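Engineer: A predicted structure for the sequence below; I have some questions about it.
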Protein chains: 2
Amino acid sequence: MTKKDVIVREDLLGTNKQIAGEIREALRGRGILAVNFLSSPGAGKTSLLERIAERLRDEARIAVIEGDIETERDAERIRAKGVPAWQITTGGACHLEAKMIAKVLPEVDPSIEFLFIENVGNLVCPAGYELGEHLRCVLLSTPEGDDKPKKYPKAFTTSDALILTKSDLLPYLPFDTTRAAREALELNPRLRVFITSAVRNEGLEALIAFFRERRDGLVRHA
Amino acid sequence: MTKKDVIVREDLLGTNKQIAGEIREALRGRGILAVNFLSSPGAGKTSLLERIAERLRDEARIAVIEGDIETERDAERIRAKGVPAWQITTGGACHLEAKMIAKVLPEVDPSIEFLFIENVGNLVCPAGYELGEHLRCVLLSTPEGDDKPKKYPKAFTTSDALILTKSDLLPYLPFDTTRAAREALELNPRLRVFITSAVRNEGLEALIAFFRERRDGLVRHA
């Protein structure tokens, strides 16, 4: 029953990388720092973005692109914070691609300073696709377990920051923060590590200072 | 920079389905019920399997196949329970495929009654690949949030059972068990729903009774 058919295969990853490079340059030229958030489903990407939105919306111009397989739920949560948000639904696809971002970008106010992109909840596939981001952040939530970096290495080796989320649940879990950070740093020594709780609104200052520092660097070199 | 190259593409999904069908029939002929566990990373698949192993190992012959991108960690945890376990490391691939199971099966004792397969932690891609299982179970852990079924529908529409895990964390989370179950059942009314805690060893009897009932059905119709 094996069908064989001859098809023309475009070099999809190569094309994605090219489009991502163009997005990265265009945003840099406008002084917009793009941040790509990767994680498993339910690790707290949207909750973290809600807290970031609350803190940044009055002092900086920000926008959010939400990626999901189905539903507008995450974009609605961000819009409820008074921040413009676009929902990309992939209709089954397991990751965002640069061309999806390129399609949304013309609608985004070009005078923003920060563009946050929440990828599809998947700790595996999104790591292989650049979206034109200047900064990639992988989230690991404490209930997922401190053994995850070495089991899902690519999300950690390709990121600039590791954001441990749901630190409020630490008293109820066997999660060892030191082990998780050590494993991730063994894979990628240049990772910046942040410990956060969206519920308690903790750990956000350091993270936002990091985003600001990176945007300042981007603008200086633009 | 778009490279175009002409390649012969095998119908990978069709081939997978064929191999899966062969595995399903072969296992049925031997009276082995195969159960495929899908979930996000860290939803508690291995912890659930540890509890199942503890309860079933003295009264039934069982074996476990563990799927991961990297590391032997999960198979080691199951072997520590005195149950034979094989680790498949996909080396980057985001899901198990039937051919990977076919390669391991000759090593598995043909007189077992239950073969449990833990897929790669990924709520998206594994849903598209049958492994020859007779029963597919999707796990959703309470910290992931009760909004996940409609955001990641395919894992729920293709499963026979929904196993809510980490019920011990419910007091610390906004998770609404009724909402999660209702959303999942709206997608797939034939889902059997189980609520479990591996930490507290709760909800396992009903789940194991379900596995036994399904294996009895398999043997009756063999």
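Structural biologist: On my side now, so go ahead. Numbers count the residues shown, from 1 in each chain, chains lettered A, B, ... in the order given.
Engineer: out of everything not next to it in sequence, what's closest to residue A:199?
Structural biologist: Using C-beta to C-beta, 6 or more residues apart in numbering or on different chains and skipping the chain neighbours, the partner closest in space to residue A:199 is residue A:168 (5.0 Å). C-beta coordinates here come from the backbone N, C-alpha and C atoms, glycine included.
Engineer: The longest helix seen in chain A: which residues count as buried?
Structural biologist: When chain A is parsed with DSSP state H, its longest helix is helix A:12-30. Of all the residues in helix A:12-30, those buried under the rule 16 or more other C-beta atoms under 10 Å in any protein chain shown are A:15-17, A:19-20, A:23-24, A:27-28.
Engineer: residue nearest the centroid of chain A?
Structural biologist: Centrality entry for chain A: nearest residue to the mean C-alpha point is residue A:37, 1.0 Å, by C-alpha atoms, centre = their mean.
Engineer: returning to that earlier point: including pLDDT, could the buried residues of helix A:12-30 go into a markdown table?
Structural biologist: Below are these laid out as a markdown table (pLDDT from 0 to 100):
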| residue | pLDDT |
| --- | --- |
| A:15 | 93 |
| A:16 | 95 |
| A:17 | 95 |
| A:19 | 97 |
| A:20 | 98 |
| A:23 | 98 |
| A:24 | 98 |
| A:27 | 98 |
| A:28 | 97 |
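Engineer: quick one: which of these is nearest chain B?
Structural biologist: For the buried residues of helix A:12-30, the residue nearest chain B by C-beta to the nearest C-beta is residue A:15; the value is 5.2 Å.
Engineer: can you pull out the strands in chain A?
Structural biologist: A:4-10, A:33-38, A:62-68, A:85-89, A:114-118, A:135-141, A:161-165, A:192-195 (DSSP state E).
Engineer: Based on its surroundings, how many neighbours for the residue nearest to residue A:199?
Structural biologist: Residue A:168 sits with 17 neighbouring residues when counted by other C-beta atoms under 10 Å in any protein chain shown.
Engineer: roughly how far apart are it and residue B:85?
Structural biologist: Between residue A:168 and residue B:85 the computed distance is 34 Å (C-beta to C-beta, to the nearest Å).
Engineer: picking that back up, who does the longest helix of chain A touch, helix- and strand-wise?
Structural biologist: strand A:33-38, helix A:98-104 (3 or more C-beta pairs under 8 Å, 6 or more residues apart in numbering or on different chains; DSSP states H and E).
Engineer: just how off-centre is stretch A:75-83 within its chain?
Structural biologist: Averaging C-alpha positions (C-alpha atoms, centre = their mean, to the nearest Å) puts stretch A:75-83 17 Å from its chain's average.
Engineer: what about it, how long is it end to end?
Structural biologist: 9 Å (C-alpha to C-alpha, to the nearest Å).
Engineer: In contact with residue A:111, which residues?
Structural biologist: A:30, A:61 (C-beta atoms under 8 Å, 6 or more residues apart in numbering or on different chains).
Engineer: And the pLDDT at it?
Structural biologist: Per-residue pLDDT puts residue A:111 at 96.
Engineer: One more: residue A:13?
Structural biologist: 81.
Engineer: Now do the contacts for residue A:164.
Structural biologist: Per C-beta under 8 Å, 6+ apart, neighbours of residue A:164: A:139-142, A:177, A:180-181, A:193-196.
Engineer: just residue A:138 next, same as before
Structural biologist: For residue A:138, the contacting residues are A:38-39, A:123, A:155-156, A:159, A:161-163, by C-beta under 8 Å, 6+ apart.
Engineer: Filtering those by proximity to chain B, which remain?
Structural biologist: Contacts with chain B within the contacts of residue A:138, counted by C-beta under 8 Å from any C-beta of the partner chain: residue A:123.
Engineer: Out of the contacts of residue A:138, which end up buried?
Structural biologist: Buried among the contacts of residue A:138 (16+ other C-beta under 10 Å): A:38-39, A:123, A:155-156, A:159, A:161-163.
Engineer: among those, which two are most distant?
Structural biologist: A:123 and A:161 (15.2 Å; C-beta to C-beta).
Engineer: Most tightly packed of the helices and strands packed on helix A:12-30?
Structural biologist: strand A:33-38 (a mean of 27; mean count of other C-beta atoms under 10 Å in any protein chain shown).
Engineer: quick revisit: buried subset of the contacts of residue A:164?
Structural biologist: Buried among these by 16+ other C-beta under 10 Å: A:139-142, A:180-181, A:194-196.
Engineer: okay, the residues you listed in JSON lines with pLDDT and distance to chain B next?
Structural biologist: Listed next are the buried ones among the contacts of residue A:164 as JSON lines, based on pLDDT from 0 to 100; distance: C-beta to the nearest C-beta, whole Å:
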{"residue": "A:139", "pLDDT": "98", "distance to chain B": "11"}
{"residue": "A:140", "pLDDT": "98", "distance to chain B": "8"}
{"residue": "A:141", "pLDDT": "98", "distance to chain B": "6"}
{"residue": "A:142", "pLDDT": "98", "distance to chain B": "8"}
{"residue": "A:180", "pLDDT": "98", "distance to chain B": "11"}
{"residue": "A:181", "pLDDT": "98", "distance to chain B": "16"}
{"residue": "A:194", "pLDDT": "98", "distance to chain B": "19"}
{"residue": "A:195", "pLDDT": "98", "distance to chain B": "16"}
{"residue": "A:196", "pLDDT": "98", "distance to chain B": "14"}
